[in-house]
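J.: Coordinates only, no sequence provided:
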């Protein structure tokens, strides 16, 4: 395969170009980065043109644009639709980064002895979308592209992909394909390559608790008026019982109880709880009673506070009895739970448990449906073959705790099961300070994608 | 009394000078205002010189300086020591101020139809210390000062007065006096003038809860690892039971159960709960079961979260499972509770309820002992007489919920019960956005202080 050689010969170019993309702080959650998000979209489009698409478009939406590109080699050939996102998570807290989040550096780590790229977005998802662009470039350069290819790279994945929904609904014909290939997940390790076959959904809520109509002096009023922080803490604490079961009525109604056999298989994945605890520097894990750590992540819904604030949070002391307290609370959902329904149940319950002494506001910020991917499709088999070819091992099917909001929409609107072929690792610190992506993962990923195209073409037959 | 006329004739000067002092953002809690805090000390010293002290000093401490000034008219005359503070609370949240906190403006309000000064520190405590400086100036100008006077104006009251303790211990001789007069409290209203005879103490704690050693992705790890925000909320919620009793073992051990008679009297103070709720725009009060609102504020200890933060608190959504969560928690204490002992009980308890899945750090930030002032002293009687003379009414003795950390130290180290003759109102929004101080309160205060000196001289006999 000439494409493989092309990759080998252009490693430095492939790396430098990715670093340029990583230098653009395309944080979709924060309006102050607006221009940079647009810049990242243009960068991706330019890369697609240079790699050899015959047509690209930037589709404006109510939010950030969708970058589209295609190369049709033969209307009769199978078509692979690539999905990814050029936006990134906010980088704060900045002070915990060992190097600035948007000035990528290469450093060796225990897990990445051959080097890893440290930068926000390196693994999630710029590094992973760029693998696709470069795999495409290599196949084009060596005239080895066996399928039609379409790219749909969006800029709002980290804020809920709301406008991508609209885009997909309005462009079903254009997006017609035989498979969607997505690299926005992780594998167990380079020694244990895996393909994600399940993703949790997400319901992300904002809550606001208001006591008095203004901040009060905690001496003059303390003890006689509800403190919205104390109340919010009580309310949040009550959302889980002592077994860490979520107490929202109806929350578990649609959660499937998986078979003992399924759970046994799930727990066979290589995983050491001691190592897990050691890496995170925790004495004990914590989660829903009656489930293992792998089960808690893979098959059980959760409720986590992602942010909380209220009162005086500056240096020193202020004896304030604040007027308001806030929290961002998200629930990870498992198949059959509907994020809209869960958001409603949450809101109803949260309002119902508020004492008379406060007012509460509850808003659903964004959501994602949970997804399960069948393992008997041509796409899945092509992914298995590609991994076998590049890694020399059979791919382990895994359920991942994270959510890709758009996955279930692909199923509903395009009738396509996405193939979740990710090359990051759980230790890559995505959404955290010091996010990184292994160089070996990057280049192996490019190779695997090239191989996927070959096998997908074979799987779908001539 | 010529001094009274002097006050009347110099109202505009007295106001303009105070506004200048209020323009200095002397926030002691925040190091970025360091130079301004020093500037405020210099301003106060300069004002004392112009008012006629024969001696002033700026005592440097490990923190901010203490401004000292004295006028000895006759070693045999009684001596009044004035205590106050030139530092102010932080002004944030800035966005809730209707005018900038350090650009004072005069506006009329329902409660202050003759105008009030809106600025951080206007009531707490710059406006109130300046009443003393101006009362002194008036008595000096008209040759009517009947007692020796000493000023001790500090710059760390809002952060715990730690260095004032040292200063007092080292300067007992210099501070020798017959009474300490403090205007750093409030009265019920101009129609119901009151003198504070009880103050709650304070134990202010900082807590930190750490889960994993880094921020994690809430999808990849959520449900399997302790979320320090969820844990902190549980821990805080558990610090009070359903009756809002504090659950820290030993917390109430030294709390005096006051007699039915005392409570009956306390509840006779003019107070309308409906009006209270209406002003704060709350449907219901909230506090310890079995006590009225006045009792909850006056005679019962409390536990309030003054600030909480953790995770992502920016705009939009971030699905982070944070490494750390923090809270500032303070307890208001009543007579016989010792703030150091309570801080220890808190720490021990908080550590004991932390689950294995997290680490906690607990630090006592600062504290203040609760205080009770006897009502049969010459100083108290002089305050009563002065209020009668200026307001035409008998002063109502009140217990206030707030704390002046140094009060109990005056009693221990100097053997003096402070007279807490404050002229602010509970509605002045001290420690809150839009703090203000009534112009009428300011000028009536100056008059009352002049009158106090005359009556104190009479009370202590010739």
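T.: In hand now; what should we look at? Computed from a prediction, not measured in an experiment: that's the story for all the values here. Residues are numbered from 1 along each chain as shown, chains lettered A, B, ... in the order given.

J.: Quick check: which ranges of chain A have low pLDDT?
T.: Filtered on pLDDT under 70, chain A yields the residue ranges A:462.

J.: In the stretch 1-150 of chain A, what residue lies closest to chain B?
T.: Nearest residue of the stretch 1-150 of chain A to chain B: residue A:29, at 3.2 Å (Cβ to the nearest Cβ). (Glycine included, C-beta is placed from N, CA and C.)

J.: give me every residue that touches that residue.
T.: A:89-90, A:158-159, B:314-318 (Cβ atoms under 8 Å, 6 or more residues apart in numbering or on different chains).

J.: what's around the spatially closest residue to it that is not a sequence neighbour, how many residues?
T.: Counting by Cβ to Cβ, 6 or more residues apart in numbering or on different chains, residue B:316 is the residue found nearest to residue A:29 once chain neighbours are left out, at 3.2 Å. Using other Cβ atoms under 10 Å in any protein chain shown, residue B:316 has 20 neighbouring residues.

J.: Could you list the domains of chain A?
T.: A:2-199+A:370-459, A:201-255+A:301-368 (automatic domain parsing).

J.: With distance to residue B:209 as added columns, please give these in a markdown table.
T.: A markdown table is the format used below for those (distance: least, Cβ to Cβ, whole Å):
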| stretch | distance to residue B:209 |
| --- | --- |
| domain A:2-199+A:370-459 | 16 |
| domain A:201-255+A:301-368 | 11 |
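
J.: what about the residue nearest to residue A:19 when sequence neighbours are not counted, neighbour count?
T.: Residue nearest to residue A:19 in three dimensions, not counting chain neighbours: residue A:104, with 4.8 Å by Cβ to Cβ, 6+ apart. Residues near residue A:104, counting by other Cβ under 10 Å, number 24.

J.: Please give me every residue in contact with residue A:104.
T.: For residue A:104, the contact set (Cβ under 8 Å, 6+ apart) comprises A:19, A:22-23, A:117-119, A:122.

J.: Would you convert those residues into a markdown table that also reports distance to residue B:165 and neighbour count?
T.: Output for those, formatted as a markdown table (distance: Cβ to Cβ, whole Å; neighbours: other Cβ atoms under 10 Å in any protein chain shown):
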| residue | distance to residue B:165 | neighbour count |
| --- | --- | --- |
| A:19 | 57 | 16 |
| A:22 | 54 | 26 |
| A:23 | 53 | 17 |
| A:117 | 54 | 26 |
| A:118 | 48 | 26 |
| A:119 | 50 | 30 |
| A:122 | 53 | 31 |
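
J.: and for the helix or strand hosting residue A:106, what are the contacting residues?
T.: Using DSSP states H and E, residue A:106 sits in strand A:105-107. For strand A:105-107, contacts defined as Cβ under 8 Å, 6+ apart pick out A:99, A:115-119, A:436, A:439.

J.: Taking the stretch 101-250 of chain A, what residue is nearest to chain B?
T.: Nearest residue of the stretch 101-250 of chain A to chain B (Cβ to the nearest Cβ) works out as residue A:219 at 2.7 Å.

J.: dump the residue contacts of that residue.
T.: Neighbours of residue A:219 in contact, by Cβ under 8 Å, 6+ apart: A:319, B:200, B:202, B:332, B:400-403.

J.: what helix or strand is it on?
T.: Using DSSP H and E, residue A:219 falls outside every helix and strand.

J.: now it, nearest residue through space, not along the chain?
T.: residue B:402 (2.7 Å).
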